[in-house]
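**Q** Just need the structure, nothing else, for what follows:
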Amino acid sequence: MGKRINNIKKDLDLEKIYSVEEAVELVKKHATAKFDETVEVHVKLGIDSKQSDQQVRNVISLPHGTGKTKKVAVIAKGEKAKEAQDAGADLYGGSDVIEEIAKGNMDFDVLVVTPDLMKDVAKLGKILGPKGLMPNPKSGTITFDVKTAVKELKAGRIEFKTDAHGIIHSPIGKASFSNANIAENLKAIVDAIVRYKPSSSKGVYLQSIFITSTMGPSFSIDNNTKF
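**A** Take a look at the predicted model:
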């Protein structure tokens, strides 16, 4: 732990469980870095992450976005490439974009592909996979509805999924957001996580919920809150 965080922790009860409103207030109060810190939520789920039918993965458009504009690349041809351009994609095209990715040129945050070109993009798995950029139908990034995908991604649509420990990590805004906007984004994503609870999951599903900022301490939220 850095000296700054240790000094902050001296005056906090980090074992306490807070309401959403209290936790958001504390996160904003202690986001004192010289940049606009990202506010994140970390949700531990009562699932067996080794079981494929208990993976939790889906997408959500946060009501107030994440505060970060994503660079969206689209691999499509013909009218769909034009659709990507009109929707505001940062990079669009067919074989030319594929060739650039093959060279390691990936100046984008998310990649959208039309299904007819997915067979060509699949060959880039070893390049895209490690960077988390491989398109996936569950994340809505393999689609013919290019216009909607680009606009939603630009507006703050995010993908959430469990890691190997059954934890979901997700941005829910910036420290500069209002308390209400952070709280609404938080409630939206937790509500979505609950909505996509695997039917085979047993016991307590929401085991813990923490929110934090990039450089700040984390605060536990009562997981019995009605989201």
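
**Q** mind listing the helices for this structure?
**A** Ranges of helices in the chain, per DSSP state H, are 3-9, 20-29, 79-87, 95-102, 118-121, 125-128, 146-155, 179-195.

**Q** what angle separates the second one from helix 179-195?
**A** On the basis of axes from the mean of the first three to the mean of the last three CA atoms, to 10 degrees, helix 20-29 is oriented at 120 degrees to helix 179-195.

**Q** Give me the distance between helix 20-29 and the centre of its chain.
**A** 20 Å (CA atoms, centre = their mean, to the nearest Å).

**Q** before we move on, what about the fifth one?
**A** Helix 118-121 sits 24 Å away from the centroid of its parent chain (CA atoms, centre = their mean).

**Q** how is this protein carved up into domains?
**A** 14-66+157-221, 72-154 (automatic domain parsing).

**Q** picking that back up, just tell me which of the helices of the chain ends up closest to residue 53.
**A** helix 179-195 (16.4 Å; CB to CB). The C-beta positions use only the backbone N, C-alpha and C, and glycine is treated the same way.

**Q** what does the closest one contact?
**A** 20-21, 24-25, 27-28, 39, 41, 43, 45, 56, 58, 60, 62-64, 66, 158, 160, 168, 170, 172-173, 177, 205-206, 209, 211, 227 (CB atoms under 8 Å, 6 or more residues apart in numbering).
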